[in-house]
Each structure stands twice: as C-alpha cells, then as structure tokens.
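got a predicted model here, sequence first, then my questions.
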Amino acid sequence: MNKDQVNGRVEAVKGAVKKAAGQAVGNDRLAAKGAVQESGGKVQSSVGDAKAKAGDAIKKAIDR
C-alpha cells in the first residue's frame with residue numbers, strides 16, 4: 001500500500017465517525033463536515049489505488 005491509500009482510508013474512517021457522531025447528537029454541521037472528510041478520504045484512497053495499479057502495470061511491462 002502506498003501513502004495515498006493509507007491516508008485516504010484513515011481520512012475516510014475519521015469522516016465516517018464524525019458524520020455518525022454529528023447525526024447521533026443532531027449536529028448537522030458536524031455531520032456535513034464528516035461527510036466531506038469521508039468523501040475526500042475516498043478520493044485520496046482511489047488516487048492511491050490508481051497509482052498502485054499504474055506502478056504494477058509498469059513493472060509488468062518492464063519484466064517482459
């Protein structure tokens with residue numbers, strides 16, 4: 001796993017926790033911030049996944 005994958009997944013989990021806490025206590029602002037953080041984490045994680053796939057494809061092409 002690369003840095004983007006790890007950091008993205010951490011941010012997504014933190015956002016999900018914030019969102020759930022905001023919904024539990026009725027704090028719409030906290031829930032919205034959590035949703036944004038969760039989405040940002042998912043995007044970062046996806047970027048990391050793409051980087052990993054590109055790196056794997058390059059390694060396979062070189063090994064041929």
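Noted; the coordinates are in hand. Bear in mind the structure is a predicted one, so any value in this text is a computation, not a measurement.

what pLDDT, on average, does the helix ranked longest in the chain get?
Longest helix in the chain, counting residues (DSSP state H): helix 28-63. On average, the pLDDT along helix 28-63 is 97.

for it, name the packing helices and strands.
helix 3-25 (3 or more Cβ pairs under 8 Å, 6 or more residues apart in numbering; DSSP states H and E). In short, each C-beta sits where N, CA and C put it, glycine included.

quick one: the residue lying closest to Ala20 once chain neighbours are set aside from Gly40, how far?
Computed as Cβ to Cβ, 6 or more residues apart in numbering, the closest residue to Ala20 that is not its neighbour in sequence is Gly34, at 7.2 Å. Gly34 sits 11 Å away from Gly40 when distances are taken as Cβ to Cβ, to the nearest Å.

ok, the residue nearest to Ala20 touching Glu11?
No. With contact defined as Cβ atoms under 8 Å, Gly34 and Glu11 do not form a contacting pair (10.6 Å).

contacts for stretch 36-46?
4-5, 7-16, 18-19 (Cβ atoms under 8 Å, 6 or more residues apart in numbering).

just the buried ones from these?
Neighbour counting over these (16 or more other Cβ atoms under 10 Å) leaves 4-5, 8-9, 11-12, 15-16, 18-19 as the buried ones.

and which of these is nearest Lys51?
Asp4 (6.3 Å; Cβ to Cβ).

can you pull the contacts of that closest one?
44-45, 47-48, 51.

gap between it and Lys60?
21 Å.

could you do Gln5 as well?
19 Å.

name the residues of stretch 21-38 that are buried.
Buried-residue list, stretch 21-38, by 16+ other Cβ under 10 Å: 22, 30-31, 34-35, 37-38.
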